[in-house]
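>>> sharing a model prediction with you, sequence too.
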Amino acid sequence: MPGAKRPIRVLVAKPGLDGHDRGAKVVAAALRDAGMEVIYTGLHQTPEMITQAAIQEDVDVVGLSILSVAAVSLKKKVKKLLVEAGRDDILVTGGGIIPSEDMKALERQGIGRLFGAGTPTSDLVKYIEEWAAEHVSA
């Protein structure tokens, strides 16, 4: 099909020790339903594991789902590792239970928009699609 764009590739990851992944699975399904290719890494991923998977899978977006106070350091670490690997073109976004002041601090440090618990998945889909329209080539 001439001119057809490839699907947006998204890695959904659960860093840290948090053992609750229902939200990550709901997000992964919503992104898949929207036509994106989704790789879900499962629970208890380190920033290094997430970065390696993102590079190996050649994703456009890394979505981190975090329900712990470690959200700031884990998201910053993944972004830093991607930049060090020469993949600063990958959007790092995500959500979970993150205080609004932490969300603002992360966004100032180059992390994409973050979504709090209860955000409609359509908001995340729209955000990723709009970002990809500007940053992802066919």
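Looks like it came in fine. Source: prediction; values computed, not measured.

>>> give me the local confidence score for the residue positioned nearest the centre of the chain.
Closest to where the C-alpha atoms of the chain average out (Cα atoms, centre = their mean) is residue 63, at 1.3 Å. The model reports residue 63 with a pLDDT of 96.

>>> how close does residue 80 get to residue 11?
Distance, residue 80 to residue 11, using Cβ to Cβ, to the nearest Å: 16 Å. Every C-beta, even on glycine, is put in place using the N, C-alpha and C of the backbone.

>>> what's the closest non-adjacent residue to residue 109?
Nearest residue to residue 109, sequence neighbours excluded (Cβ to Cβ, 6 or more residues apart in numbering): residue 76, at 6.3 Å.

>>> helix or strand for the one you found, which one?
helix 71-84 (DSSP states H and E).

>>> still on that earlier bit, residue 80 and residue 11: which is more packed in?
Shown here are residue 80 and residue 11; by other Cβ atoms under 10 Å, residue 11 has more neighbours (27 against 16).

>>> assumed that one was part of a strand.
Yes. Assessed with DSSP: H, G, I helix; E, B strand; the rest coil, residue 11 lies in a strand.

>>> does it really touch residue 64, like I thought?
No. The criterion here is Cβ atoms under 8 Å, and residue 11 misses it with residue 64 at 9.2 Å.

>>> return the residues in contact with residue 49.
Contacts for residue 49 (Cβ atoms under 8 Å, 6 or more residues apart in numbering) come out as residue 41.

>>> name the element it belongs to?
helix 47-56.

>>> cool, thanks, signing off.
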